[in-house]
Structure formats: C-alpha cells, structure tokens
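>>> A structural model of the following input is requested.
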Amino acid sequence: MTIKNVQNIAVFSIIATIAFAAFASSHAFAEESEGYKMVGDVTPVLTFTFRDGVEVYSFPVFNMGENFVDDSGVSFSVEGTVTKSPLLHEALDESYKYRFSNAAFDYQMKYFDVNADFMKDGESVKSLDYNNCRVDNYNVETLDSNDYESYFKDIGFAVVDKITFVCSGVNSMNEFVMPTTSLTDYGKSGFKFAKDTSTFVTFNFDHGSEKIEFPVFNLVSAYQESSTRTIAQFQVQGILDYYPLLYQAIENSRNISGTTYASNEDFDATVEFVSSNDVLRGFDFRDCIVDSSQITTQTDKEEGFTGKSGFAVVHTMDFVCSGFDPINDNYEKLYGDTPIWKVSGISNVYEESLQNTDRGLDVITTFTFGDGVETIEFSMFKQNEVLTATEKVNDDNGDRDVAAEAFTRKTVYPTLELRGIVGDYPLLYNHLDKNQKVQGIIGTQNRELADIDVAIISNGEVIRGFNYNNCRATDYTVETDPNKDESYVKNKFALETVIDFECQGYHPNNPIYDAMLEIDSAENITSVDLRNTQDWNRGFYVE
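Numbers count the residues shown, from 1 in each chain. Just a heads-up that it's a prediction; the model follows:
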C-alpha cells in the first residue's frame, strides 16, 4: 500500500465520520396540532427539509404568492402561533445574519425544500412540492381586534410568526386518477345560501364531466357596456378539495404557460343558479381555459387563533371563455301554450322575500319593456346624485376672458343600481340578453330601451317614487361577496344580481305633498247639469 493510498483512505474516513456525525445529529421535529377551527377540516401541513434535519408544522394560514397557472414566480407565506421550531427559527435568524451577503454566498440554513400537504380526514387533498426555498422576509406580530375587544378574556390576542418564502419551483404531487363515470356529481357543498339559491358549475371535458357546487361565484365580465366585445370570464371559489379532471386542466394550463391560447385544451362550462331544484338563471360558457388558480386562507386578524372564529383554506379559480349563451328557460314559460305571435304582452311579478329594512319600507320596481311588464322587489336600490353636473371651460389657448364666455355645464345622465338575491325575473333577463348581443355597437339605436318606475312603500302607501325613461343596462353581474372568513365559518353566503342602468329621463314623485294640495269641492248642481232635465227634482219642471 502506497503512502498516497493511505492518505486517501484517511481523507475518506474523515469525510465519512463528518457525514455520519451530521446524520446522527440531524433532527426530525413535528409540531403538535393547535386544534384550530378549520372549515371543511382542511389543514395545511408543511414539511421543511433542512440540511440539518426535518421539521413538520401545521400552519392555519397558507397563501400562494402568485397565480399557479402563470408559472412566473414561486412564493408563499404562512402564519401561525409562535411555537417550538428550532430549525425554522434558525433559518430565520441566519437569513437576517447574512442579509447583506452576496446572493451567491451559501450558508447552512439558506436553502431547503418544503412539501405542503392540505390534509383532510388524515389524507392529502392537495400536495405541493416547493424546492430550493429560502426565507424572503419575516416578522413576529401580536394580532388583536384593533378596537380594544382583545383586552377582554373572551377575545384575546395572538402572537404569530409571519413568514414569506421564495422558491425555485413548485410541482403538484397529486397523481391523476381517471374517474370511472362520465359525470361525477359532487353534490351539495354543505353551505347555507340566502333563499337557498346557490351556484352549480358543470365542467365538460373531453374525458368526462364534473358538477360542483361553489359557495362563491363571480361573473367577472360579460355584460358591461363597452366599445368592443367583452371577454366572457367567471370566477369560482370554494373550500380546497380534489377534482381530478378540473385539476388536470389546471396542470395543462400551467404546462403551456407563456404560449398562445391556441395550444391549450379548452372545455365547456355550464353555470346554473338553482333554488329549490329550480334553475332560475344560467350561462353556457364555451371554449374555456383556466386563467388563474390560487390557494389562500380566509382569516380575520386574531379571531381564528383565539377561537372566536376560524380559518378557511380556499381555492380560487378564474376561467376565460370564447363566448357564452344565456339560460333563461322561464321566459318562454310566461307565454304558456299560446303562440308567441298571438300574445301582445306578458307580465311577471317577483317579490324579494328577504326584507329587513328600517320602518318596514319596501322598494318596488316596475319595468316596462316592449314585450311586457315585470314588477320586481329588489333588496337594494341605489340612485346616483341627481344634481351632479360636469363642468368644462375652454381655455382658448390661454385667453381666460374668452374662456369665461365659453363656460359650459352639462348634467349627467340619471343612473340607478338594483341588487338582490338571484331571482325569477325572465323579462328582465331577456332584456339584458338582447342588449348583450349588440355589445360593442356604439349608440342606442340598436338597443332596446325600457322605462323603470320605482315606488317606495310604507304600510301599503307610496311615500316616494321615481320615473326613469329610456333606460339601458350599462352592466350586469352575478356575484358573491363573502366577508373574509365569516361567510365560511358562519355558513352563510348570498348570491346577488347587480344591475346598473343609465336613463335619458328622470322624474321624481312626491305623492304625499301632492295630496296636501288637493282641494275637495262640493258636489253642487252646475249649469251643465241643468241640461239633463231627467235629473231635475220635482217642482223644477212642468208635469
């Protein structure tokens, strides 16, 4: 054996000893669950693989930093009560210690891998594998209610770690399993909806269909007034769950991110707004792709940590489609068995059963269309400031004397907004759908205009009213506006119809004041009445 061989063996022995020592001193640390209230029992469990060991933590708050589909950057943030986490805290401390070092400088705790499992009933609903991560920023913060409630025992404070990570990449670790049936109906979501009106979306892919009830739906764009054709786009949100075909579409969109849309595999989506198993309204979207996918946690300051409220891990998805066809089956039902060409006009009345207004006021809106009249009670009515005016001064190249003479004032068109739970008003839907077909055409000559009469009623008496004439819809959306975590925790969602109108004319009504000016007159006989001799009393005519 040569001296060189002996030296090599010695070096290898030293390296092996160091490696063994490092392996023997590595730690696997798992944090115990804090017992937070997680809506749907979906809990983010993160496994950190450092060079010195492995730590597993259950963070109630997890937020993706970017849209998963764009694949343009990888970051995420977490929040959790400060607890025993020696390796993670050491990584935080070293990131501060070496914050001014060259970016290429490597230190022991600089890089690590993170596996994010979203656990439900002991199984992973969704798994994300983040690689080559580093600490981007962090802070410790005491969360409170901001209005002194936290000082009382039943509210409390929460001392939490807030950490943001940046990684080189992320991969979805879920294995795709082809459904055994052509249509997978996931049934009711378990949430409660105002007037029992909820949203079902049926995604029709090449290899099957999935029908899902989402607690949150937003018609992002479709009907708003524009000089060009508007893109058909909608958004859904719900508690994170695994839908194989839908998630495969998300992966496909991510894989071809940066290329043209023509490279993507599209699908159709049927959106139905259902109440008591009746479809009130809907949209058939065609040639859709996944535009956005993001996992976040809905929370409100300290409430989830202290037990006053909870956390909801939700998945938000946006879809862009080439077009859509509205669903308004109840419109034709108004004609019954009578042929349409024989009916001169139809009518419909729909009352919003949700009323909780001060002093019991009701707002009744009557639409007069070319094909009939529809009376609707919306929950909310909002008119613009009717005295608003726009002012323009022509400065005529700086000559203010001439500018003063060129002063003009132009009143704005009267506008109003109506909001309420999605209901059964087919005549209004038909009016909106017809105008949507001529979207992008400037002017009103191709649009059907409507008259709108608004009556504010107290105890059966009209105390205020407004007449709007020649109105057109400038925007129409269907949307759910959840209140952070509360809608999920309190199990209450409201699917709203929101319609904006602009009108050419406006007339206010003040019936109470008009009644004050009415003068009652006695029913005396006048000279006109004397012409009717058959009404004369005895003694005023010759028998």
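>>> From residue 471, how far out is residue 300?
Distance, residue 300 to residue 471, by CB to CB, to the nearest Å: 39 Å. C-beta here means a position set from N, CA and C on the backbone, and glycine is covered the same way.
>>> which one of those two has more residues nearby?
More crowded of residue 300 and residue 471, by other CB atoms under 10 Å: residue 471, with 23 against 17.
>>> The spatially most central residue of the chain pairs with what?
Centroid check for the chain by CA atoms, centre = their mean gives residue 218 as the closest residue, at 4.5 Å. With DSSP bridges applied, residue 218 shows beta-bridge pairing to residue 235, residue 479.
>>> What of residue 171?
Judged by DSSP bridges, the bridge partners of residue 171 are residue 129.
>>> okay but it is in contact with residue 116, surely?
No: in this structure residue 171 lies outside contact range of residue 116 using CB atoms under 8 Å: 11.1 Å.
>>> any residues in contact with both of these two?
128, 129 (CB atoms under 8 Å, 6 or more residues apart in numbering).
>>> who's more crowded, these two?
residue 116 (22 against 12).
>>> any idea which element the more buried one lies in?
According to DSSP states H and E, residue 116 maps onto strand 112-120.
>>> Which neighbouring elements make contact with that strand?
strand 43-50, strand 123-143 (3 or more CB pairs under 8 Å, 6 or more residues apart in numbering; DSSP states H and E).
>>> tell me the contacts of the residue nearest to the centre of the chain?
By CB under 8 Å, 6+ apart, the contact list for residue 218 reads 234, 235, 236, 477, 478, 479, 480.
>>> just residue 72 next, same as before
Shown in contact with residue 72 (CB under 8 Å, 6+ apart): 66, 257.
>>> and it, that one's in a helix?
No: under DSSP: H, G, I helix; E, B strand; the rest coil, residue 72 sits outside any helix and is assigned coil.
>>> Next, it: phi, psi?
Torsion angles at residue 72 (phi, psi; degrees, to the nearest 10) stand at phi -100, psi 0.
>>> Give me the pLDDT value at it.
For residue 72, the model assigns a pLDDT of 79.
>>> One more: residue 26?
Reported pLDDT for residue 26: 52.
>>> With residue 522 instead?
63.
>>> The residue nearest to residue 326 when sequence neighbours are not counted: neighbouring residues, count only.
Excluding its sequence neighbours, the residue lying closest to residue 326 (CB to CB, 6 or more residues apart in numbering) is residue 433, at 4.6 Å. The tally of other residues near residue 433 (other CB under 10 Å) stands at 16.
>>> ditto for residue 110
Applying other CB under 10 Å, we find 18 residues neighbouring residue 110.
>>> Then the one 3 residues further on?
Counted with other CB under 10 Å, the neighbours of residue 113 add up to 16.
>>> How about the contacts made by the closest residue to it other than its chain neighbours?
In space, not counting the residues next to it along the chain, residue 113 is nearest to residue 49; the distance is 4.5 Å by CB to CB, 6+ apart. Residues in contact with residue 49 (CB under 8 Å, 6+ apart) are 112, 113, 114, 115.
>>> Setting the sequence-adjacent residues aside, check what's closest to the last one.
Nearest-residue entry for residue 115: residue 47, 4.4 Å, with adjacent residues in sequence omitted and distances by CB to CB, 6+ apart.
>>> That neighbour reaches residue 114, doesn't it?
Yes: applying CB under 8 Å, one finds residue 47 in contact with residue 114, separated by 6.9 Å.
>>> With neighbour numbers in mind, choose between the two.
For residue 47 versus residue 114, the count of surrounding residues by other CB under 10 Å is larger for residue 114: 19 against 16.
>>> who's in contact with the more buried one?
Taking CB under 8 Å, 6+ apart, one finds 46, 47, 48, 49, 129, 130, 133, 165, 167 in contact with residue 114.
>>> Same question for stretch 430-437: list its buried residues.
For stretch 430-437, the neighbour count (16 or more other CB atoms under 10 Å) marks 430, 431, 432, 433, 434, 435, 436 as buried.
>>> is it true that the fifth one lies in a strand?
No: note on residue 434: no strand contains this position according to three-state DSSP, which reports helix.
>>> hang on, the earlier thing: can you pull up the bridge partners for the residue nearest to residue 113?
Beta-bridge partners, per DSSP bridges, of residue 49: residue 54, residue 113.
>>> how near is it to residue 124?
As defined by CB to CB, residue 49 lies at a distance of 17 Å from residue 124.
>>> Am I right that residue 381 is in contact with residue 420?
No: at 9.3 Å, residue 381 does not count as touching residue 420 under the criterion of CB under 8 Å.
>>> List the residues that contact residue 63.
For residue 63, the contacting residues are 76, 77, 78, 295, 296, 297, by CB under 8 Å, 6+ apart.
>>> Over to residue 297?
44, 60, 61, 62, 63, 79, 311, 312, 313, 314.
>>> got it, and residue 508?
Contact analysis of residue 508 by CB under 8 Å, 6+ apart lists 386, 464, 465, 466, 467.
>>> and if you look at residue 325?
Contacts for residue 325 (CB under 8 Å, 6+ apart) come out as 283, 284, 286.
>>> Report the separation between the first one and residue 199.
As judged by CB to CB, residue 283 and residue 199 stand 10 Å apart.
>>> Those two: which is more packed in?
Each of residue 283 and residue 199 has its neighbours counted (other CB under 10 Å); residue 199 has more, 26 against 22.
>>> Please name the nearest non-neighbouring residue to that one.
With CB to CB, 6+ apart as the criterion, residue 199 has its nearest non-adjacent residue at 4.0 Å, and that residue is residue 217.
>>> So what sits opposite residue 296 in the bridge?
Beta-bridge pairing for residue 296 (DSSP bridges): residue 314.
>>> quick one: it and residue 312 touch, right?
No: under the criterion of CB under 8 Å, residue 296 makes no contact with residue 312, lying 9.2 Å away.
>>> Counting neighbours, go ahead and name the busier of those two.
residue 312 (28 against 19).
>>> Phi, psi for the more buried one please.
phi -130, psi 110.
>>> can you check residue 249 too?
Backbone torsions of residue 249, given as degrees, to the nearest 10, read phi -70, psi -40.
>>> Per-residue pLDDT of the closest residue to residue 301 other than its chain neighbours, please?
Excluding its sequence neighbours, the residue lying closest to residue 301 (CB to CB, 6+ apart) is residue 143, at 5.0 Å. pLDDT for residue 143: 85.
>>> residue contacts, residue 143?
157, 158, 159, 160, 301, 302, 305.
>>> roughly how far apart are it and residue 304?
Separation of residue 143 from residue 304 (CB to CB) stands at 9 Å.
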